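Visitor: here are the coordinates; sequence isn't available:
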């Protein structure tokens, strides 16, 4: 009650200032008048009485001021005054304001953009109840070749799910994917769907807005119930919020489902980067795949909601025990030696997943965090620049500050007023930065590789983003503004009125700031160098094949298309494409030659292999012309040809690694091998090709077997090498596919180079942005150096004049200025080297995985960074140095 | 005139004002005269601290102010104790009594 009263009274004195003032005047006036009247009654004259009252009780004005300053509104009023004054002062120097705000916009904007992306992809909680209770049971291995994250088989899910019941509840989801969608007939429409265990919605506490969501019993029926739940967004977009969709049949992935409901608005699934259109039971989706009972096929990701108060580490220990038991009992017995060592290194851990699976976010977490740190350093460097600007400006405003101090303003009041100005600058920067970051985040996203699913991050700035920008602005203002404000307000009063020439105290502080800038810029340069060199090494590393001038694409076709028809269609398209004059060679291969996985099997080489050793090989079936089209060089023997496809005489081509491993110096040609999956067949090796890194530049090279795409053909990717442009070629491909079998559709058409580059997209992002930031840091440091020395030269005109009058030559003056520049630069660079070395040492483990073919303490890079930074500094100092030498002694001496 | 006016014990001004107003509604000058009289001139209030305290008490809802004409045809703000103010006065008086007694016991102990 009294709080409200206090607030209301305060507001009244803020907004009805005149009336409140008048009332206070009247009340105090009455008080003094009454006291005076009392004194007059004792015989004092009116004039004396008033004087006595003032002496005894304090003067009217002072009393008024005191009473007024008692309320909270006085503080608000002061701030408001300061703010108006700050705006006036900033408008008086538009150039300073513009430079400062622009610098801050860039600095805060870069930080905000990176923060927005991290927030949207990694940190924003899922729009479900109590998201902090959601955990992701990660199956990972950190060992060598096998490092990575793995999925779970259905039997393992069922086993772990039982364990989970004592801690909470577990659900499984298949990878979100883009699949065909139609209402009755064939269509080319694709939607994003996710197959989930039927308790998905109940565990997440997601409610239906229409009909019902999936319920646990939907999993129980044999093969699962073919029910589907639509997302609210999809329902609105595709069906115009028509409630009649309930009970209708839809085809998702060419399987019929009955729509039972629509999920609550805003719920997009458990991956922040994709917006799911439809959910179906995982049991129904996998009903006809036949692999559900197989413990060796891993295709599910597991999440769970732990009950509040559950000990996470204890739960994790239970899961780990169960997982190891499953590995030992079920998986180990049938595993190959290689698969065994892989299983050995796998563990399960509980990762807090309040923002969902965040696969994309976690993939780019490290580069983005590094970039955020870099952006913060750049902001720090720009803070130093602005601090220097302000120091120079305050030196010019000294007179004003002195007058205000002399008139009785307290030092705290002046410092606070100056700080208000600085905060205003920073805040203006932050507001512009939020606009800039909206654009910047888009730019960042466009640097990520195109994924088969449309990236659907919610990048609209929310409270967290605004909060981040404002906090950054406040910290920034404190960094660059507090020091100068305190310094300016603590000037000695008598000094300034002595007048005359002031030797600038600010120049030593300015130089100190410069040293700091250079010390920060050097590590940025070294870092950018490391990442650029990494990217260069990756790009120039030998892939074993030549991806230039090759376009690759996939074909999609209805499920159940016969293998004969497919084989004929593929052969026909190959022929049609090759008949085109621009096409050099066209071929196809089994799916996923490039990308995450591949198809692996085991090899037996009579007389050369033993069952206990690692006989795992990568297997790809390829059409004639495959090696020619991707430019995979032949070392021995011959490539595959069209007769090999007949399979009358089974053959294979192997790579260098395989040939060397099993046959050493002997020739592999003519040797016989057997492969898993075709126990009746013995293949003869007819060729040896170079090692190709199909699975990623940084992956190990597998031993590979290439077999002819034969009678059994389930579809795959095309590779077309041509000497015409990529766009023209795409047109040709679309036309030729359309002209062949009508059921085929072109998908994921792109240059092979893009596929290869996407494998190093993280390195690309890091290298590009870190070098952009390093360049910005250099520029800022150069501007800072120029500013400080230009200012100091103009202040020392007098001194230079005297020196020249006493016989100093121009080159002496120039040397004087350049020597000082060099001193500052070298000091900064020396500290910078120490900082960079320290960072390289402490972060070695963290960044080792981000580098390739270069050490974090590479001498050449340090030397290069040092030399280029000194060069930048000298160039920046040249102009002030020149101006110093052009001082006319006569003019300079009159300058006083 | 008695000895030099002495300073108030910290934090007691509010209590004294409340006590003065407990007898009858009064304006600012009245309060200061009354406090001076009752203390036999020991406490003399500065206008600034008096009105600052009045403003604080009014905002806390312990007293209410109202413009009324004075005897000599001016307008002055008269302050009345509110129910909340009366309660506060009671509790502060009790507390003060306890403290004074305690301090007295300590001083007499030697």
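Guide: Good, I have the coordinates. Source: prediction; values computed, not measured.

Visitor: any idea which residue is closest to the centre of chain B?
Guide: By CA atoms, centre = their mean, chain B has its centre lying nearest to residue B:17, at 1.7 Å.

Visitor: if I pick it, what's in contact with it?
Guide: In this structure, residue B:17 makes contact with B:31, B:35, B:50, B:53-54, B:57, B:63, judged by CB atoms under 8 Å, 6 or more residues apart in numbering or on different chains. From N, CA and C alone the C-beta is placed, and that goes for glycine too.

Visitor: residue A:702: which of these is nearest?
Guide: Distance ranking of these against residue A:702, using CB to CB, places residue B:57 first at 85.4 Å.

Visitor: right, and that closest one touches residue B:85 too?
Guide: Yes: under the criterion of CB atoms under 8 Å, residue B:57 lies in contact with residue B:85, with a separation of 7.2 Å.

Visitor: identify the contacts common to these two.
Guide: Between them, residue B:57 and residue B:85 have B:18, B:63 as joint contacts when contacts are counted by CB under 8 Å, 6+ apart.

Visitor: who's the closest residue to residue A:257 other than its chain neighbours bridged to?
Guide: Distances taken as CB to CB, 6 or more residues apart in numbering or on different chains put residue A:228 closest to residue A:257, at 3.8 Å, once the chain neighbours are dropped. Counting by DSSP bridges, residue A:228 is bridged to residue A:259.

Visitor: count the neighbours of residue A:228 for me.
Guide: Using other CB atoms under 10 Å in any protein chain shown, residue A:228 is surrounded by 26 other residues.

Visitor: all the strands of chain B, residue numbers only.
Guide: B:26-27, B:63-69, B:75-81 (DSSP state E).

Visitor: mind listing the strands for the stretch 401-550 of chain A?
Guide: Counting by DSSP state E, counting those that start in this stretch, residue ranges of the strands within the stretch 401-550 of chain A are A:550-556.

Visitor: quick one: name the residues of it near chain B.
Guide: Taking CB under 8 Å from any CB of the partner chain as the contact definition, the stretch 401-550 of chain A does not meet chain B anywhere.

Visitor: let me know the pLDDT of the residue of the stretch 401-550 of chain A found nearest chain B.
Guide: Of all residues in the stretch 401-550 of chain A, residue A:408 sits closest to chain B, with a separation of 17.3 Å (CB to the nearest CB). Residue A:408 is assigned a predicted lDDT (pLDDT) of 78.

Visitor: so stretch A:57-77, near chain B or not?
Guide: Yes: contact between stretch A:57-77 and chain B, assessed by CB under 8 Å from any CB, occurs at A:57-58, A:62-63, A:66-67, A:70-71.

Visitor: residues contacting that stretch, please?
Guide: Contacts made with stretch A:57-77 from outside it, assessed by CB under 8 Å, 6+ apart, are listed as A:6, A:9-11, A:13-14, A:24-25, A:28-29, A:31-32, A:35, A:54, B:45-49, B:51-52, B:55-56, B:59.

Visitor: hang on, the earlier thing: what's the closest of the strands of chain B to chain A?
Guide: If you check each of those against chain A by CB to the nearest CB, strand B:75-81 wins as the nearest, at 4.4 Å.

Visitor: and the closest one with strand B:63-69, angle?
Guide: For the pair strand B:75-81 and strand B:63-69, the angle between their directions (axes from the mean of the first three to the mean of the last three CA atoms, to 10 degrees) equals 150 degrees.

Visitor: quick check: can you name the pairing partners of strand B:75-81 and their directions?
Guide: strand B:26-27 (antiparallel), strand B:63-69 (antiparallel).

Visitor: residue ranges in chain A under the pLDDT threshold?
Guide: When the per-residue scores of chain A are filtered using pLDDT under 70, the ranges that remain are A:1-2, A:144-145, A:185-186, A:220-224, A:492-507, A:592-599, A:893, A:895-896.

Visitor: residue closest to the middle of it?
Guide: Nearest residue to the geometric centre of chain A (CA atoms, centre = their mean): residue A:368, 3.7 Å.

Visitor: the host helix or strand of it: which residues count as buried?
Guide: Secondary structure assigned from DSSP states H and E places residue A:368 in helix A:359-396. Buried residues in helix A:359-396, counting neighbours by 16 or more other CB atoms under 10 Å in any protein chain shown, are found at A:359-361, A:363-365, A:367-368, A:370-395.

Visitor: which of the contacts of stretch A:57-77 fall in helices?
Guide: Mapping the contacts of stretch A:57-77 onto helices (DSSP state H) picks out A:6, A:9-11, A:13-14, A:24-25, A:28-29, A:31-32, A:35, A:54, B:47-49, B:51-52, B:55-56, B:59.
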